[in-house]
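Asker: fold the stuff below for me.
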Amino acid sequence: MKSEIKGAVASAGDKSKNITGTARIIFSEKDFSKVKKGDILVAKETNASFLPAMLKAKAIITDFGGILCHAAIVARELKIPCVVETKIATQVLKDGDKIEIDIKNGKVHKLAF
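Answerer: Okay, the predicted model is just below:
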């Protein structure tokens, strides 16, 4: 398994420190119920229908997008961290993985518990 996922920082949130939490892999609206308050939402990309899940997340990671994509704009509005353009986050991370986001460098690490 790849030990590090790298992407572009689209939002640092209101703090510029590392964020840890539980990854919730979201592919469609049927997955929204998996996201609990404080989880990290991981998706290929987001759109307006994802907003209910995004409101619960403490950070967002996407495979695609740039600094002007939907996930980036919503994350900045919500003042939560967002890393986009990872290309492989939904493939490498599994639902329930404990992860850490190095928001200064746009890196995501899977934590071993």
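Asker: okay, helices next: where are they in the chain?
Answerer: Along the chain, counting by DSSP state H, helices occupy 51-56, 70-78, 89-92.
Asker: same list (those helices) but as TSV, adding mean pLDDT, mean neighbour count and distance to Lys34.
Answerer: From N, CA and C alone the C-beta is placed, and that goes for glycine too. Converted to TSV, the helices of the chain look like this (pLDDT from 0 to 100; neighbours: other C-beta atoms under 10 Å; distance: least, C-beta to C-beta, whole Å):
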stretch	mean pLDDT	mean neighbour count	distance to Lys34
helix 51-56	98	16	8
helix 70-78	98	19	17
helix 89-92	96	20	13
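Asker: go through those helices and name the closest to Ala23.
Answerer: Taking C-beta to C-beta, helix 89-92 is the member of those nearest to Ala23, at 8.3 Å.
Asker: show me what the closest one is packed up against.
Answerer: Using 3 or more C-beta pairs under 8 Å, 6 or more residues apart in numbering; DSSP states H and E as the contact test, the elements touching helix 89-92 are strand 40-43.
Asker: what's the mean pLDDT across the strand it packs on?
Answerer: On average, the pLDDT along strand 40-43 is 98.
Asker: number the residues from 495 up from this point.
Answerer: OK, 495 is where the count begins now, so the last one is strand 534-537.
Asker: now tabulate the helices of the chain in JSON lines and tack on distance to Ala504.
Answerer: Output for the helices of the chain, formatted as JSON lines (distance: least, C-beta to C-beta, whole Å):
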{"stretch": "helix 545-550", "distance to Ala504": "13"}
{"stretch": "helix 564-572", "distance to Ala504": "3"}
{"stretch": "helix 583-586", "distance to Ala504": "13"}
